[in-house]
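K.L.:
Turn this into a structure:
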Amino acid sequence: MKNETKAQKELYDLYSRKMYGVCKGYSNSREDTNDIMQEAFLKVFRSLNKYDNKGSIGGWIRRIFVNTAIDFYRQSEREIEVISIDPEVEENVFVAQESYSNIDYEHFITLMQQLPEKARLVFNLFNIEGYSHKEIAVKMGISEGTSKSQYSRARQLLKIAIVNQGML
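P.N.:
The predicted model follows:
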């Protein structure tokens, strides 16, 4: 038992910082981030015997964290925030400009946390995790068209936030 606790602590120390960043990208508050983090690590520790050594353990852990974040979203049953976009601001956003590379990671995460919840989840799953809209639809229990429109909405809102802050 003592060796198991030591191994869990080592695994936690090795992956906690990176996984905290994953959790932060899927939540909109520190409390939610911490809740997702705690629940996901509990799932990792309970499921370690199921890891089959196919692929990296880091990828396996990340998958658990992403799925935990999606479960957290589903369980919260929060209403989706509706944001109207000022047409004058929208005109200043150039769709061809896709580069977020000029923005530091922490600032980008802060901007992402301001997105409506469903749009943020879809953006993360598609743009960061690499899921297709079809896979996202199945995971989140939405239609493929909804996934595409939420992704488009997230991109549009991020661009507006970036333009408004003079970062692009």
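
K.L.:
count of neighbours near the residue lying closest to residue 19 once chain neighbours are set aside?
P.N.:
Ranked by C-beta to C-beta, 6 or more residues apart in numbering and with sequence neighbours excluded, the top spatial neighbour of residue 19 is residue 65, at 5.2 Å. For every residue, glycine as well, the C-beta is placed using N, CA and C. Applying other C-beta atoms under 10 Å, we find 25 other residues in the vicinity of residue 65.

K.L.:
cool, the one 10 residues further on as well?
P.N.:
Residue 75: 9 surrounding residues under other C-beta under 10 Å.

K.L.:
just how off-centre is the one helix or strand it maps to within its chain?
P.N.:
Assessed by DSSP states H and E, residue 75 sits inside helix 57-76. Taking C-alpha atoms, centre = their mean, to the nearest Å, one finds helix 57-76 lying 9 Å from the centre of the chain it belongs to.

K.L.:
What values do phi and psi take at the residue sitting nearest the centre point of the chain?
P.N.:
The centre of the chain sits closest to residue 26, judged by C-alpha atoms, centre = their mean, with a distance of 3.3 Å. Phi and psi for residue 26, reported as degrees, to the nearest 10, are phi -110, psi 0.

K.L.:
Kindly report the same for residue 116.
P.N.:
Per degrees, to the nearest 10, the backbone of residue 116 is at phi -60, psi 150.

K.L.:
What is the neighbour count of it?
P.N.:
Count around residue 116 with other C-beta under 10 Å applied: 19.

K.L.:
hmm, back to that, could you verify my assumption that the residue nearest to residue 19 touches residue 36?
P.N.:
Yes - Residue 65 lies in contact with residue 36 (C-beta atoms under 8 Å); the separation is 7.3 Å.

K.L.:
Residues in contact with both of those two, list them for me.
P.N.:
Taking C-beta atoms under 8 Å, 6 or more residues apart in numbering as the criterion, residue 65 and residue 36 both touch residue 23.

K.L.:
Give me the local confidence score for residue 108.
P.N.:
We have a pLDDT of 80 for residue 108.

K.L.:
State the helix or strand in which it lies.
P.N.:
Here residue 108 is assigned to helix 105-113, by DSSP H and E.

K.L.:
With residue 120 instead?
P.N.:
Per DSSP H and E: helix 117-123 holds residue 120.

K.L.:
can you check residue 54 too?
P.N.:
Going by DSSP H and E, residue 54 is not part of any helix or strand.

K.L.:
How much space separates it from residue 122?
P.N.:
According to C-beta to C-beta, to the nearest Å, residue 54 and residue 122 sit 28 Å apart.

K.L.:
between these two, which one's more packed in?
P.N.:
residue 122 (28 against 7).
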